[in-house]
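# Just need the structure, nothing else, for what follows:
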Amino acid sequence: MKELKYLSRAERLFTKRTKMTEPTEMAQELNQMPGSLIYTGEQHVSEVRLELIRFSETHFTQSLITISELGDVQKKGSIAWLNVVGLHEIPIIKQIGEQFNIHTLVLEDILNVNQRPVFDEHDDHYLFATKMLRTTDKKVISEQFSIVVGENIIITFQEKDGDVFDGVRNRLKKPKGRIRTRKSDYLAFALLDVIIDHFLAIIEIYGDVVNEQEVMLLDEVSKDILTDINLVKKEVNLLRRYIRPLKDAIIALNKSDSDLIEKRTRPFLKDLLEHTTYVAESIEVYRETINDNLNTYHTHMTNKLNDILKVLTIFSVIFIPLTFMAGIYGMNFEFIPELGYKHAYPIFWGVIIIIALSMLYYFKKRKWL
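Take a look at the predicted model:
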């Protein structure tokens, strides 16, 4: 799991926690046959929890079930939403796959938390896997979220407690509403729509930070701002890595001719694609703004350095003739006519001052100062 942390300026906005895999473990994972069930993440819950929501136009039930009750999940005349919290117990995931005839390659993708957003279609079900982001206590938590959609059933898999679907659950509880009259494909759309909404909300948070940095660069330039810009750039690029393949997966979902996707759901999927495109374009805009901010910073620093060099050069040029004059009268010759003159010293200083002022006047007239 990656935990993204939004903190104050000059601190990390994302805190990325990764567990290093031992070389032997990595080799074992790479040498497995396709369809081998290996959980690539960390354990975040003490035990796998199965949350079941069953609904139709006339009724709604919500409960926790055990693995032995999987056979009673699907009932005629209702839609079942089984939410699996925790992916670390492979036997339970395997049993769920066997009970609902989920392809082993789909289960493999579900357990691979480093899986890029993907749409995978099979005969009687399809998989949509993506990252789910949510905010809590000024932190942005990221985890792998997978949806398996079948006939009158949807099974969701997540790594840890908590999600962003309270609004969907509240809509399901209300007897009136479109979601209660639709099938599992529309529920899958509703979940994906909420996930993308949260992507946009988090991107807007970073957009505010980027725009604030742009304003600050007009007032001051410091190393702290550079550090902040580079951190935001790194984290926005991480978001971009999530969003670009997500758009491709949404396109694949729209192009699917699966019988599980009703005709009346397809307009909503097109709207979902437009929403995802807007999210992708937003992240590109902020990414370009970040690059512009970096260019502005470096331009400021270059101009500042040029100003410093200009001042140093001017002072050097002024003191070159003065040093020349002082060098002449500092020579150890016995016969220098001016040395015996009574007013030689004040004249010497007068000449030096006149030369210095004349050069300053000349530089100012040429607008070098």
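
# what's the nearest residue to the residue most central in space within the chain if we skip its chain neighbours?
With distances taken as Cα atoms, centre = their mean, Leu239 lies nearest the centre of the chain, 2.5 Å away. With sequence-adjacent residues excluded and distances taken as Cβ to Cβ, 6 or more residues apart in numbering, Leu239 is closest to Ile283, at 5.8 Å. Heads up, the C-betas are built off the backbone N, CA and C, glycines and all.

# for whatever helix or strand the residue nearest to the centre of the chain lives in, the distance to its chain's centre please.
Following DSSP states H and E, the helix or strand that holds Leu239 is helix 223-255. Centroid separation for helix 223-255 versus its chain: 4 Å, with Cα atoms, centre = their mean, to the nearest Å.

# So which bits of that helix are buried?
Buried positions in helix 223-255, judged by neighbour count with 16 or more other Cβ atoms under 10 Å: 225-226, 228-229, 231-233, 235-236, 238-239, 242-243, 246-247, 249-250, 252-253.

# In terms of secondary structure, what does it contact?
Identification of packing neighbours for helix 223-255 by 3 or more Cβ pairs under 8 Å, 6 or more residues apart in numbering; DSSP states H and E yields strand 2-5, strand 118-121, strand 125-136, helix 184-219, helix 266-329.

# pLDDT averaged over the last one - what is it?
In other words, helix 266-329. Averaging pLDDT along helix 266-329 yields 87.

# give me the number of residues near the residue nearest to Leu239?
23 (other Cβ atoms under 10 Å).

# Now do the contacts for it.
203, 236, 239-240, 243 (Cβ atoms under 8 Å, 6 or more residues apart in numbering).

# mind running it again at 6 Å?
Ile283 makes contact with 203, 239-240, 243, according to Cβ atoms under 6 Å, 6 or more residues apart in numbering.

# again with Met359
The neighbourhood of Met359, defined by Cβ under 6 Å, 6+ apart, consists of Ile318.

# name the element it belongs to?
In the assignment (DSSP H and E), Met359 maps to helix 344-365.

# Distance from the chain centre to that helix, please.
On the basis of Cα atoms, centre = their mean, helix 344-365 sits 61 Å off its chain's mean C-alpha point.

# That one: which residues count as buried?
For helix 344-365, by 16+ other Cβ under 10 Å, it's 359, 363.

# relative to helix 266-329, how tilted is it?
160 degrees (axes from the mean of the first three to the mean of the last three Cα atoms, to 10 degrees).

# Return helix 344-365 as PDB; C-alpha atoms alone will do.
Presented in PDB, the C-alpha positions along helix 344-365 are these (Å, rounded to 0.1, in the frame of the first residue of the first chain):
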ATOM      1  CA  ALA A 344      49.900  66.400  -4.700                       C
ATOM      2  CA  TYR A 345      48.000  64.300  -2.200                       C
ATOM      3  CA  PRO A 346      44.600  66.100  -2.300                       C
ATOM      4  CA  ILE A 347      45.000  66.400  -6.100                       C
ATOM      5  CA  PHE A 348      45.600  62.600  -6.300                       C
ATOM      6  CA  TRP A 349      42.400  61.900  -4.300                       C
ATOM      7  CA  GLY A 350      40.400  64.400  -6.300                       C
ATOM      8  CA  VAL A 351      41.400  62.700  -9.600                       C
ATOM      9  CA  ILE A 352      40.500  59.300  -8.100                       C
ATOM     10  CA  ILE A 353      37.000  60.600  -7.000                       C
ATOM     11  CA  ILE A 354      36.400  62.300 -10.300                       C
ATOM     12  CA  ILE A 355      37.300  59.100 -12.300                       C
ATOM     13  CA  ALA A 356      35.000  57.000 -10.000                       C
ATOM     14  CA  LEU A 357      32.100  59.400 -10.300                       C
ATOM     15  CA  SER A 358      32.500  59.800 -14.000                       C
ATOM     16  CA  MET A 359      32.400  56.000 -14.500                       C
ATOM     17  CA  LEU A 360      29.300  55.700 -12.300                       C
ATOM     18  CA  TYR A 361      27.600  58.400 -14.300                       C
ATOM     19  CA  TYR A 362      28.600  56.700 -17.600                       C
ATOM     20  CA  PHE A 363      27.200  53.300 -16.400                       C
ATOM     21  CA  LYS A 364      24.000  54.900 -15.200                       C
ATOM     22  CA  LYS A 365      23.600  56.800 -18.500                       C
END
